[in-house]
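S.K.: next input, structure requested:
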Amino acid sequence: MSLIAPQSADDVVAPGEVPAAGPPPGNDRESRARSLEPGPVSAPLRGWLITLAVALVGGVVRFWNLGFPTDKGTPIFDEKHYVPQAAQVLRNGGYEDNAGYELIVHPPLGKQLIAIGEWLFGYDGVGWRFASAVAGTLTILLVVRIARRLTRSDLIAAIAGVLLIADGLSHVQSRMGMLDAAQAFFVVAAFACLVVDRDQVRARLAVAVREGWVTDSPYGPWLGFRWWRFAGGISLGLACGVKWSGLWYIAFFGVMSVLWSATARRAAGVERPWLGSFAKDLLPSLFALLVVPLLVYLATWWSWFASETAIDRHVVGSKLPDDSWVPDPLRALWYYSSNVFEFHTNLVTSATNQHPWESKPWTWPMGLRPMLYYFEGAVTGCGAATCVGAIMLVGTPAMYWLAFPVLAWALWQAISRLDWRYAAVLVGYGAGFLPWFINVDRQMYLFYALPMAPFLVLGIALALGEVLGRASDGPERRGTGRLAVALYVGLVVANFVWLWPILNGNPITPEMWDAQKWLPSWN
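M.R.: Numbering: from 1, shown residues only. Okay, here's the model as predicted:
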């Protein structure tokens, strides 16, 4: 653990960057430029060694016995939809063609990724879960890097990675041949790109401040092409290419990016920072975070466009009249997408015919209604006469039961201290949470909450940074903070270890199975 010890003074967690309402003390260029620049952090090599070490541990955990269990050699739960669809994709070179298979209701990218695993390892548990395990492992790596940039601390970054490793929801979904792990990865990748873009924008403005031309225009300077924002747009397009719910992240992250630009201009002393942000950042932001995602999304349909037998590929002339200036392939895709939209809109269950493991979004933050993915009541290997095997999708209670206090603390910090880090975490969490309240009658399940999990972890990590305190707080305060954080992280890991059998389908006794279900709603 010596690799992740805190570094120098004040590096455990940086204070929130509060945009100054007026000129900084002395109104000199250098102090204003320094206010724009991010705080110090350890050597890049050490940061990457820590990141890779945590990601390696996460990879071992996610890949451990990846092919187990199956339903007598076949997929389990919703794998039964996506795994055979991925096999169609593999057979056809990238697209699905079984029009009689009624549940082809998501874009192709996630199934193409599953197909890569099936191509590499065959049509078995390892093959159809390989892509999700890779996505889950890479998400851990990204969370470590994001936490390091938010807090300027290797210690808190490593803790964030450990917390995500120990999240039961992320663990199970990273071991399922489903779409959600891939979408969560692309969402977190987009967030990471925009956080780096924020630092880059402020660094460019710091140069303008030092050189004295930041106020040549009352709206501030042009900031050049922002490659990290462009990369964020690509990631958002890929997220939509897995599931349409990625659209909400485009909206939330787009607004967040423009607000960051405005507050950066304000901190740089620009006379009209908000108008400047709209005048000089809005159109480039719309291009990077709206047009680019749309083009990337369309590109994920490359094999469908190139096919002759894909579902609804040639409806123009049969189901649609050939009388429009819009190209036939785009009209066909719109027709296909309209049918998919209708499916999702009407995916409701009556009060008397609900899915046994359906849940509503207000239960997701605390994981009050998990899902039973797999249950076999007659297995061997637990050391008793009767054994059961089960996989339950459940968030680790030591984290999820603190969700509302953590979110409340983040909201307080974002409002009272204008701490952009907490605000950013709330935006990411809210984009995965709030839109589901638009149609609460729709069928919903806990695995929809997977993209929220990394942002919960980041919020907890920021709060733990506050508990740790600063080097200037004194040895007793620092020692107490370290003890409290160590005890909490140990509690989370212990909770994850306790849940391990029902997160992986390991044989346990019926008594152990009953002991794993802590709440009546877990039955």
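
S.K.: packing partners of the longest strand seen in the chain?
M.R.: Determined from DSSP state E, the single longest strand within the chain is strand 371-379. With contacts defined as 3 or more CB pairs under 8 Å, 6 or more residues apart in numbering; DSSP states H and E, strand 371-379 has these neighbours: strand 387-393. C-betas here are computed from N, CA, C, even on glycine.

S.K.: how far does the helix or strand that comes right after the strand it packs on sit from its chain's centre?
M.R.: As assigned by DSSP states H and E, the chain's next helix or strand after strand 387-393 is helix 397-400. How far helix 397-400 lies from its chain's middle: 18 Å, per CA atoms, centre = their mean, to the nearest Å.

S.K.: which is the next helix or strand following helix 397-400?
M.R.: Using DSSP H and E, the helix or strand that follows helix 397-400 in sequence is helix 403-416.

S.K.: C-alpha coordinates for the helix or strand just after that following helix, PDB please?
M.R.: The helix or strand immediately downstream of helix 403-416 is helix 420-433, counting by DSSP H and E. Extracted in PDB, the C-alpha atoms of helix 420-433 (Å, rounded to 0.1, in the frame of the first residue of the first chain):
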ATOM      1  CA  TRP A 420     -17.500  22.000  -9.600                       C
ATOM      2  CA  ARG A 421     -16.400  18.400  -8.800                       C
ATOM      3  CA  TYR A 422     -19.500  17.600  -6.800                       C
ATOM      4  CA  ALA A 423     -21.700  19.300  -9.300                       C
ATOM      5  CA  ALA A 424     -20.100  17.200 -12.100                       C
ATOM      6  CA  VAL A 425     -20.700  14.000 -10.200                       C
ATOM      7  CA  LEU A 426     -24.400  15.000  -9.700                       C
ATOM      8  CA  VAL A 427     -24.700  15.700 -13.400                       C
ATOM      9  CA  GLY A 428     -23.400  12.200 -14.300                       C
ATOM     10  CA  TYR A 429     -25.600  10.500 -11.700                       C
ATOM     11  CA  GLY A 430     -28.600  12.600 -12.600                       C
ATOM     12  CA  ALA A 431     -28.300  11.800 -16.300                       C
ATOM     13  CA  GLY A 432     -28.600   8.100 -15.500                       C
ATOM     14  CA  PHE A 433     -31.400   8.600 -12.900                       C
END
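
S.K.: quick one: buried residues of whichever helix or strand residue 57 is part of?
M.R.: Element membership for residue 57 (DSSP H and E) is helix 44-63. Neighbour counts over helix 44-63 (16 or more other CB atoms under 10 Å) mark 47, 50, 51, 54, 55, 57, 58, 59, 61, 62, 63 as buried.

S.K.: just the mean pLDDT for the top helix by length along the chain, thanks.
M.R.: Longest helix of the chain, by residue count under DSSP state H: helix 180-211. Averaged across helix 180-211, pLDDT comes to 96.

S.K.: which helices and strands sit right next to it?
M.R.: Of the remaining helices and strands, those touching helix 180-211 by 3+ CB pairs under 8 Å, 6+ apart are helix 29-36, helix 109-121, helix 125-151, helix 168-173, helix 227-242, helix 246-267, helix 420-433, helix 453-468.

S.K.: chain center to the longest strand of the chain: distance?
M.R.: How far strand 371-379 lies from its chain's middle: 28 Å, per CA atoms, centre = their mean.

S.K.: do stretch 181-191 as well
M.R.: Distance of stretch 181-191 from the chain centroid (CA atoms, centre = their mean) equals 5 Å.

S.K.: give me the contact list for that stretch.
M.R.: Applying CB atoms under 8 Å, 6 or more residues apart in numbering, the external contacts of stretch 181-191 come out as 109-110, 113, 131-133, 135-136, 138-139, 142-143, 146, 170, 173-174, 232-233, 235-236, 238-239, 242-243, 245-246, 249, 253, 424, 428, 431-432, 450-451, 453-455.

S.K.: same question for stretch 108-128.
M.R.: With CB under 8 Å, 6+ apart as the test, stretch 108-128 has contacts from 66-70, 73, 75, 79, 82-83, 85-87, 89-90, 94-96, 129-132, 135, 177-179, 182-183, 238, 241-243, 300-301, 303-304.

S.K.: and with 7 Å instead?
M.R.: With contacts defined as CB atoms under 7 Å, 6 or more residues apart in numbering, stretch 108-128 is touched by 66-68, 70, 75, 79, 82-83, 85-87, 89-90, 94-95, 129-131, 177, 179, 182-183, 238, 241-242, 300-301, 303-304.

S.K.: flag every buried residue along it.
M.R.: So for stretch 108-128, counting by 16+ other CB under 10 Å, buried means 108-118, 121, 123-128.

S.K.: what does stretch 89-107 give?
M.R.: Applying 16+ other CB under 10 Å to stretch 89-107 flags 89, 90, 92, 94, 95, 96, 97, 104, 106, 107 as buried.

S.K.: what residues does that stretch touch?
M.R.: Contacts for stretch 89-107 (CB under 7 Å, 6+ apart): 81, 85, 88, 108, 111-112, 115, 118-119, 179, 241-243, 300, 303-304, 307, 309-311, 340, 343-344.

S.K.: how about 6 Å then?
M.R.: 81, 85, 88, 111-112, 115, 118-119, 241, 243, 300, 303-304, 307, 309-311, 340, 343 (CB atoms under 6 Å, 6 or more residues apart in numbering).

S.K.: and if you look at stretch 333-353?
M.R.: Contacts with stretch 333-353, where a contact means CB under 6 Å, 6+ apart, come from 105, 312, 315, 320, 441, 442, 443.

S.K.: name the member of these with the most neighbours.
M.R.: Ranked by neighbour count (other CB atoms under 10 Å), the contacts of stretch 333-353 have residue 312 at the top, with 21 neighbours.

S.K.: which ones are touching that one?
M.R.: 332, 335, 336 are the contacts of residue 312 under CB under 6 Å, 6+ apart.

S.K.: picking up where we left off before, list the buried ones in the longest helix of the chain?
M.R.: Applying a neighbour-count criterion of 16+ other CB under 10 Å, one finds 180-202, 204-206, 208-209 buried in helix 180-211.

S.K.: can you check stretch 296-305 too?
M.R.: For stretch 296-305, a neighbour-count test (16+ other CB under 10 Å) marks 296, 297, 298, 300, 301, 303, 304, 305 as buried.

S.K.: so which of those belong to helices?
M.R.: If you go by DSSP H, the buried residues of stretch 296-305 have 296, 297, 298, 303, 304, 305 in helices.

S.K.: quick check: closest non-adjacent residue to the third one.
M.R.: To tie it back to what came earlier, the one meant is residue 298. Leaving aside its sequence neighbours, residue 298 sits nearest to residue 333 (CB to CB, 6 or more residues apart in numbering; 7.8 Å).

S.K.: one more: the fourth one?
M.R.: Beyond its immediate neighbours in the sequence, the residue positioned closest to residue 303 (CB to CB, 6+ apart) is residue 94, lying 2.7 Å away.

S.K.: contacts only, for the residue nearest to residue 464 when sequence neighbours are not counted.
M.R.: Leaving aside its sequence neighbours, residue 464 sits nearest to residue 485 (CB to CB, 6+ apart; 5.1 Å). Under the criterion of CB under 6 Å, 6+ apart, the neighbours of residue 485 are 464, 467, 468.
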